[in-house]
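Quick one, fold the following:
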Amino acid sequence: MAFPMGWEEPRSPFCRLLKDRIDLHHVPFSERSSRMMVFAEDLRPGVPGLFIKLAERWEKQQEKFGDYRQRRPIVERMVFIGPDGEPLPASFTAYPHAVFFHTPRGTIGMTFNDPEALYFSLPPEPIGFQFVAQAETARADRRGGILRGVRNLAYTTNARLRLNQIESAGPGLFRVTFLVEPTPDAAVLLNITPRLGFNRSLRPALPVFQEAEARWHEWFAAAPPVHEALAPQYYYAWWVMRAGLISPRFYMTREGMTPSKIHYVGVWQWDACFHALAYRYVDLKLAEDQIRLILDHQREDGMIPDAVHDEGRVTHLPLPVDADVTKPPITAWAAWKLYEMGGDRDFLDEIYEPLVRWNQWWFERNDDDRDGLCQYNHPYSSGWDDSPVWDEGMPVESPDLNTYLVIQMEHLACIAEVIGETEDAARWRAEAEALTRRMIAAMWDGEAGLFWPLRREQPVRIKTPLSLYPLLTGRLPRPIVERLVAHLQDPHAFWPRYPIPTVALDDPHYNPEQMWRGPTWLNINRLFIEGLLRCGYPELARELRRRTLRLAMGHRDLYEYYHPETGGRPPRAAPIFGWTSAVFIELAIEASREPDLEL
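Down below sits the predicted model:
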């Protein structure tokens, strides 16, 4: 297949491997740090229309434009037109670095010139564009045009314009139509920016496309190699982990990874830790910055926000209960793993005091009855937002939270030792052991063989993996460990075809398609794999890893969560999901180190 200017398919084996993995009808074409996401829709058979959405919230504009998930695209109904003004039929070939649209007039290439500008290379034919854009004002000029609104847009060409027309398409909308004369190396630059100034400088196409390919190739090449059976989904996961990054802006103090660039715009505390674990394999500073970003917004009382986005941070929500909201304390655990790989002692020195204050906040502000067991005051603070465990109300003293705190204090001890705080290290280990004993005394049900969450000192007898969580500490007496592992392996409860369901199959609350009321989440599996290894169950950990990898390899995309019995995508599971990709990367690397890989 000949592409514009005679170049062939990409030289990068990674880009070739991911040919057509980006289905623009469902997955956007995007770039590291870019807020632009390009999708395709079929306007009529054989005629695709492109639309561009922005990974931005516009919270102060919500009354006018609506929630960012439902907000109309900033550019829509973009088509390529012939000299008669009619839309051209087209098919497309997508790679990580570029998309090529094949029309009767030749092939149009699209890539990112920079995070705020799309570059289109044109064949030497009379060809043009038509699209509708959101704006408050618009004017055409001799090289294209400028539209201004909440975001500003400029389109620019280096070719002579045969037609260049902007007309109203309704309130706050303009229709742009332009046609260029046949010109060698003709190109169009589409710049969408919050800034007043524009990028209207067009370079020759060949270096633009080559540089885009090189950026992606270098990213993929930095990742550890994996078994060939894992490679297609593994490098797709790395595509998600690069394409999902958004630029610093206002409260977004550093480049951050979104949980899903389509559905979750911002950085969530819990997700950031899992994202960092993947980034540590390719870019230690980027990994550390995911943690720095959330610590940048620590409150004076020590709390770390639930989430951070351009226009603010989420620290309190009025629904479903009115309370402060955060996420589980796994930051020290994640930070220690970064140190184990990169050896950056200064990073540990930098974050130790904020993590100590974070740990203190849990015990000082989240233990109403002063029994030494911490509680969730808001369901979303658990990360398990709609789990049936919270249905009867809050607060709830939960075994998962106190397990996280045990693990956090263990890793605070490790950090303290490295930075020379030896007395702190001994204290953290003693407190971790004491909290484990308190969990056993208050939450362990010897008859059921489970740890129950407590609400008003009464057990919440709903079977979820939260009741197995203390296994992750590696500190439980052997008889308790064996009871928990027996529950985990029960095919009627937690061990269906694709474990671990977030509600046991034999619990009446089980719903395999509703978020935290049944579906399998890869980040939870990843925690249990580590916990099983700590408790001396390497074969079971390996089997859970194998099933988790198979689950994630069952689709072309990587989703937020999965049906635990069929492996299907529940209707509301977000695509291009960050921590699913990050966990797949980790597990694929670990599995590939074994001599006899079984999938």
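
Helix, strand, or coil at I576?
coil (DSSP: H, G, I helix; E, B strand; the rest coil).

Would you agree it is in contact with V240?
Yes. Counting by C-beta atoms under 8 Å, V240 is a contact partner of I576 at 5.0 Å. For every residue, glycine as well, the C-beta is placed using N, CA and C.

if I look at these two, which residues touch both of them?
Taking C-beta atoms under 8 Å, 6 or more residues apart in numbering as the contact rule, I576 and V240 both touch L558.

what's the closest residue in space to C414 that isn't next to it in sequence in contact with, if anything?
Once flanking residues are discounted, C414 sits nearest to W336: 5.4 Å by C-beta to C-beta, 6 or more residues apart in numbering. W336 makes contacts with H411, C414, I415, as judged by C-beta under 8 Å, 6+ apart.

Could you do R151 as well?
Counting by C-beta under 8 Å, 6+ apart, R151 makes contact with L54, E56, I74, Q134, I192, T193, P194.

Format those as CSV; extra columns: neighbour count, distance to R148 and pLDDT.
Shown next, in CSV, are the contacts of R151 (neighbours: other C-beta atoms under 10 Å; distance: C-beta to C-beta, whole Å; pLDDT from 0 to 100):
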residue, neighbour count, distance to R148, pLDDT
L54, 21, 15, 98
E56, 22, 16, 96
I74, 23, 12, 98
Q134, 21, 10, 98
I192, 22, 11, 99
T193, 17, 10, 98
P194, 14, 11, 97
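
Inside strands: which ones of those residues?
L54, Q134, I192, T193 (DSSP state E).

Pretty sure the first one sits against R35.
The reference is to L54. Yes. Contact criterion C-beta under 8 Å: L54 and R35 qualify, at 4.9 Å.

circling back to that earlier point, how about CSV for the contacts of R151, with distance to R292 added?
Formatted as CSV, the contacts of R151 follow (distance: C-beta to C-beta, whole Å):
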residue, distance to R292
L54, 25
E56, 22
I74, 30
Q134, 34
I192, 28
T193, 26
P194, 23
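
and the residue nearest to Y68 when sequence neighbours are not counted, how many neighbours?
Using C-beta to C-beta, 6+ apart and skipping residues adjacent in sequence, the residue nearest Y68 is R57, 4.9 Å away. Counted with other C-beta atoms under 10 Å, the neighbours of R57 add up to 18.

Who are the contact partners of R57?
R57 neighbours (C-beta under 8 Å, 6+ apart): Y68, V265, G266, H309, D310, E311.

Check the last one and give its pLDDT.
Reported pLDDT at E311 in the predicted model: 96.

Could you check how many residues crowd around the closest residue to it other than its chain neighbours?
Nearest non-adjacent residue to E311, counting by C-beta to C-beta, 6+ apart: E59, 4.8 Å away. Using other C-beta under 10 Å, E59 has 13 neighbouring residues.

Would you map the helices across this structure?
Here the chain has its helices, by DSSP state H, at 13-17, 62-65, 205-222, 231-243, 269-279, 284-295, 331-342, 345-365, 399-418, 422-443, 478-488, 522-534, 538-552, 578-592.

Of all those helices, which one is nearest T566?
Nearest to T566 among those is helix 538-552; the distance by C-beta to C-beta comes to 10.1 Å.

Just the mean pLDDT for the closest one, thanks.
Mean predicted confidence for helix 538-552 is 99.

same check, this time on stretch 168-183
98.

do stretch 234-242 as well
Throughout stretch 234-242, pLDDT has a mean value of 99.

Other residues contacting that stretch?
By C-beta under 8 Å, 6+ apart, stretch 234-242 touches 14, 17-18, 21-22, 32, 96, 216, 219-220, 223, 226, 257, 275, 278-279, 282, 556-558, 576-578, 580-582, 584-585, 588.

Please list only the buried members of those residues.
Among these, those scoring as buried are 14, 17-18, 21-22, 32, 96, 216, 219-220, 223, 226, 257, 275, 278-279, 282, 557-558, 576-578, 580-582, 584-585, 588 (criterion: 16 or more other C-beta atoms under 10 Å).

Okay, now the unreliable bits of this structure?
The chain contains residues with pLDDT under 70 at 1-8.

one more time with 80, if that's ok
Within the chain, the ranges that satisfy pLDDT under 80 run 1-8, 63.

Against A90, how distant is R545?
42 Å (C-beta to C-beta, to the nearest Å).

Revised request: answer the last question for F120.
In terms of C-beta to C-beta, F120 sits 13 Å off from A90.

tell me, what's touching those two both at once?
The contact lists of F120 and A90 share I108, where a contact means C-beta under 8 Å, 6+ apart.

quick one: contacts for the closest residue in space to R292 that isn't next to it in sequence?
Spatial nearest neighbour of R292, excluding adjacent residues (C-beta to C-beta, 6+ apart): R254 at 6.1 Å. Counting by C-beta under 8 Å, 6+ apart, R254 touches P248, D289, Q290, R292, L293, D296.

For R254, what are phi and psi?
With angles defined as degrees, to the nearest 10, R254 sits at phi -140, psi 170.

now it: how far from E353?
Applying C-beta to C-beta to R254 and E353 gives a distance of 19 Å.

N525 now?
Applying C-beta to C-beta to N525 and E353 gives a distance of 33 Å.

neighbour count winner among these two?
Set N525 next to E353 and count neighbours by other C-beta under 10 Å: N525 wins out with 23 against 9.

Now the more buried one. Nearest residue, chain neighbours left out?
For N525, the spatially nearest residue (C-beta to C-beta, 6+ apart) is T548, at 4.6 Å.

Ok, P575 next?
D557 (5.0 Å).

what pairs with I192 across the strands?
Beta-bridge pairing for I192 (DSSP bridges): L153.

That one touches A55, doesn't it?
No. Counting by C-beta under 8 Å, I192 stays clear of A55, with 11.5 Å between them.

List the residues that are in contact with both of those two.
Joint contacts of I192 and A55 (C-beta under 8 Å, 6+ apart) are R35, M36.

where exactly do the strands run in the stretch 51-200 of the chain?
Assigned by DSSP state E, counting those that start in this stretch, the stretch 51-200 of the chain shows strands spanning 75-81, 91-94, 98-103, 106-114, 117-121, 127-134, 137-141, 144-148, 152-157, 161-170, 173-180, 187-193.

name the helices or strands packed onto the shortest one?
I take that to be strand 91-94. Here strand 91-94 touches strand 98-103, going by 3 or more C-beta pairs under 8 Å, 6 or more residues apart in numbering; DSSP states H and E.

how is the protein carved up into domains?
4-195+202-215, 223-592 (automatic domain parsing).

bridging residues for the nearest residue to L190 once chain neighbours are set aside?
Counting by C-beta to C-beta, 6+ apart, L190 lies nearest to L118, which is 4.5 Å off, once chain neighbours are set aside. On the basis of DSSP bridges, L118 is bridged to F112, L190.

need the contact list for L118.
Counting by C-beta under 8 Å, 6+ apart, L118 touches M36, V38, I52, M110, T111, F112, L189, L190.

So what sits opposite the third one in the bridge?
I52 has the following beta-bridge partners by DSSP bridges: V38, V75.

Show me what the closest residue to Q130 other than its chain neighbours is bridged to.
Once flanking residues are discounted, Q130 sits nearest to T177: 4.6 Å by C-beta to C-beta, 6+ apart. According to DSSP bridges, the residues that bridge with T177 are Q130, Q165.

residue contacts, T177?
T177 neighbours (C-beta under 8 Å, 6+ apart): I81, G85, G128, F129, Q130, L163, N164, Q165, I166, E167.

Same check on N525?
Contacts for N525 (C-beta under 8 Å, 6+ apart) come out as P499, I500, L544, R545, T548, V583.
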